[in-house]
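# Provided below are the primary sequence and the corresponding predicted coordinates.
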Amino acid sequence: MVSIHEYSNSNELATSVGTFIVEEQNKALKSHGKFNVAISGGSLIKVLREALVNDATVSSQVEWSKWHIYFSDERLVPLEHEDSNYGSFKDAVLEELTRKQVIGPVVYTINESLVQEGKSENEKVAKEYESLLPDEPFDLILLGCGPDGHTCSLFPGEAHKYLLEEKTRQVMWCHDSPKPPSDRITITLPVLSASKAVAFVAEGSGKVSILDEIFNKQNQELPCTIVNSENDGKTRWFVNSDAVKGLGLKTGKYST
Ligand SMILES: O=C(O)[C@H](O)[C@@H](O)[C@H](O)[C@H](O)COP(=O)(O)O
């Protein structure tokens, strides 16, 4: 069963996400001495800042030097561009670690020089990024949920079916993303299915109707529903009360 953890307050939600991440970190360190985690862009990054940097209890337990951080999807723009997921994560978290003189994680970015060469290099960017992925399954993949039910840069609809149907490649690319910017890379469903744990974070009243589609109507055309179905038992959703208002879902707090 997919667990849904609901919080009325955003700080409480962030603390809970942070506690969960530390728990997964500790399991990974015990089993293989490092923590391989993939993160998404969008509002998740603000939650990560709150959870892993601002929250004193959680941040004191994060062993950053043992983290290997990848991006579950990345926008194909220069790393300093305001749309770059790496850039947002750097501004929100990495710079703060530098300021505090914390030994930081290893962070795997796209090859920026290929991005500058333009769309013709998208496939190469994806292939190179795939070659950086860990040999073993991810310990944790952290996801967001778009208002159309996309996650990573796996979008619903005919035009993007090829992304969902990919069975061999671990990283795919697209040049017509419905959410700007248009050119992106994304990990694929087999990578999500292999991951030891998967967690979504979704906040705000703007998510109610898509969460209704995902959880109540179980719309199997939606990437988020597919991830839930393929990863049943190891998937958690951290939501705030506004995002699930009136949906009648069975929710409970996360506990270790
Ligand atoms: O790079 C991206 O755009 C993301 O990885 C994307 O999949 C995001 O997680 C969702 O669109 C949810 O975004 P919000 O949490 O901001 O709604």
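That came through fine.

# interface residues of the protein facing the ligand?
By CB under 6 Å from any ligand atom, the residues of the chain that approach the ligand are 40-44, 73, 75, 85, 144-146, 150-152, 179. In this view, the C-beta of every residue, glycine as well, is placed from N, C-alpha and C.

# Mark which of those residues are part of strands, please.
Those of these mapping onto strands are 73, 75, 144, per DSSP state E.

# and which of the residues you listed is nearest the ligand?
G144 (2.4 Å; CB to the nearest ligand atom).

# The closest one and E128: what is the separation?
24 Å (CB to CB, to the nearest Å).

# Could you do S153 as well?
Counting by CB to CB, the gap from S153 to E128 is 17 Å.

# neighbour-wise, which of those two wins?
Using other CB atoms under 10 Å as the criterion, S153 and E128 rank with S153 on top: 26 against 15.

# Run through the residues that contact the more buried one.
S153 is in contact with 73, 163, 174, 177, 179, 184-186, counting by CB atoms under 8 Å, 6 or more residues apart in numbering.

# and if you look at A202?
A202 makes contact with 144-145, 211, 237-240, 243, according to CB under 8 Å, 6+ apart.

# Next, format those as JSON lines and append distance to E50.
JSON lines is the format used below for those (distance: CB to CB, whole Å):
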{"residue": "G144", "distance to E50": "15"}
{"residue": "C145", "distance to E50": "18"}
{"residue": "L211", "distance to E50": "21"}
{"residue": "W237", "distance to E50": "18"}
{"residue": "F238", "distance to E50": "12"}
{"residue": "V239", "distance to E50": "15"}
{"residue": "N240", "distance to E50": "13"}
{"residue": "A243", "distance to E50": "16"}
